[in-house]
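Participant: output the structure for:
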Amino acid sequence: MRFGLHTGYWSAGPPPGMADAVARADEAGFDSVWTAEAYGSDALTPLAWWGARTSRIRLATGIAQMSARTPTATAMAALTLDHLSGGRFVLGLGASGPQVVEGWYGQPYAKPLARTREYVAIVRDVLRREAPVTAPGPAYPLPLPDGVPGATGQGKALRSTVHPLRADLPIHLAAQGPRNTALAAEIADGWLPAFLSPALDGEARALLAQGFAARPEHRRPAGEHDETFEVCATVPTAVAGSIAQAVDLLRPHLALYAGGMGSQESNFHREAMARLGYGDALAEVAAHYAAGDRDRAAAAVPEELVREVCLVGTPSDIAEQVARWETTCVTTLVLQTDPRALPALTPLLTPPTPPA
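Facilitator: Residues are numbered from 1 along each chain as shown. Below you'll find the predicted structure:
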């Protein structure tokens, strides 16, 4: 089991201590560091700034929102960071949700799976640099066709002036719904689940197998799994004197995602957690959150749910909980935690010495 560090969303400003935490994670042997974006800080700038102090850890966006940039702009950023980091960049992409896409970026959210297919195909064409990039659309036509309002008709198919360091730079897709998960296995190099639980491993494996089967024949794995395909699951983590104390630390986090990270009609985080059988409790959380009572929303998060999708307690408690993940499809546990907890979690990187 590999481990990553998720730096999370910024609140009013940069998370205190995170620059040092990223440097410590690099020194300690963490596999990867991940950054997020919603409608405040972006995912690329912190990765470049903090990553400049590192030498070996992989630098990953978890996630870069597709609607924030055109596919070619995202490919430019990816190939640039890959060069600057010496081949350590991982491009994590996601469609976000209608509240952000339409409210912040002013773009339609319809047909996210079709848009994702187009987007990834264009990014890969830029990175392969085999020919000038063209795309039929409809979401991202290149060059912009005649007849589009405001178009001059002078668009030209172009090829990147920069030669990518890696034409096969890894692209991972964030997905929580069944169809998105299968799509990740079909067209990407990795899947980025959130609020996953070992209890859902069978369902996850079936969806990934469905995606592998939809690949072109030359890309299908020989067996049930693609050994090169990564599953990097973000897991909220809290270190405290007891499991109960740590659960209370993470209740507000889950309440935010269940009640505040999406509209009342469409919240993919809440839907993912509801698959564990907590639909009624999550509806109560969302209702309190919508009413502005965040304390009651947090209090309504069931302890059992927190323990299913998070790592909580003392370092030894957390080590025991990690063992549940080792037989799942997850290849990397990406710990989303307070930077001050990092020293207590570093022993997870060293397997225990077997008895003589």
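
Participant: quick check: next helix or strand after the lowest-mean-pLDDT helix or strand in the chain?
Facilitator: Confidence across the helices and strands of the chain bottoms out at helix 268-273, with a mean of 89, counting by mean pLDDT, DSSP states H and E. Stepping forward along the backbone from helix 268-273, the first helix or strand reached (DSSP states H and E) is helix 279-290.

Participant: only the buried residues of that next one, if you could.
Facilitator: 281-282, 284-286, 288-289 (16 or more other CB atoms under 10 Å). (Each C-beta comes from the backbone N, C-alpha and C, glycine too.)

Participant: and if you look at stretch 27-36?
Facilitator: Burial within stretch 27-36, assessed by neighbour count using 16+ other CB under 10 Å, is assigned to 28, 30-36.

Participant: rewinding a little: list the contacts of the least confident helix or strand of the chain.
Facilitator: 97, 176-177, 193-196, 254, 257-259, 261-262, 282, 285-286, 305, 309 (CB atoms under 8 Å, 6 or more residues apart in numbering).

Participant: ok, now stretch 219-234?
Facilitator: So stretch 219-234 is contacted by 4, 6, 32, 34, 60, 62, 92, 170, 172, 185, 189-194, 196, 204-205, 208-209, 212-213, 325, 329-334, 336 (CB under 8 Å, 6+ apart).

Participant: now with 7 Å?
Facilitator: Counting contacts by CB atoms under 7 Å, 6 or more residues apart in numbering, the residues outside stretch 219-234 that touch it are 4, 6, 62, 172, 185, 189-194, 196, 209, 212-213, 329-334, 336.

Participant: quick one on the thing from earlier: can you select the buried ones among the contacts of helix 268-273 for me in PyMOL?
Facilitator: Written as a PyMOL command, the selection of buried residues from the contacts of helix 268-273, which uses 16+ other CB under 10 Å, is:
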select buried, resi 97+176+193+194+195+196+254+257+258+259+261+262+282+285+286+305+309
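
Participant: thinking again about what came up before, from the buried residues of stretch 27-36, which ones fall inside strands?
Facilitator: Taking DSSP state E, the ones among the buried residues of stretch 27-36 that sit in strands are 32-35.

Participant: of these, which is the nearest to Leu113?
Facilitator: Among these, Trp34 lies closest to Leu113 (CB to CB), at 23.0 Å.

Participant: what's the residue lying closest to the closest one once chain neighbours are set aside in contact with, if anything?
Facilitator: Once its chain neighbours are removed from consideration, Trp34 has its nearest residue in Gly62; the separation is 3.3 Å (CB to CB, 6 or more residues apart in numbering). Applying CB under 7 Å, 6+ apart, one finds that Gly62 lies in contact with 6, 34-36, 92, 192, 234, 334.
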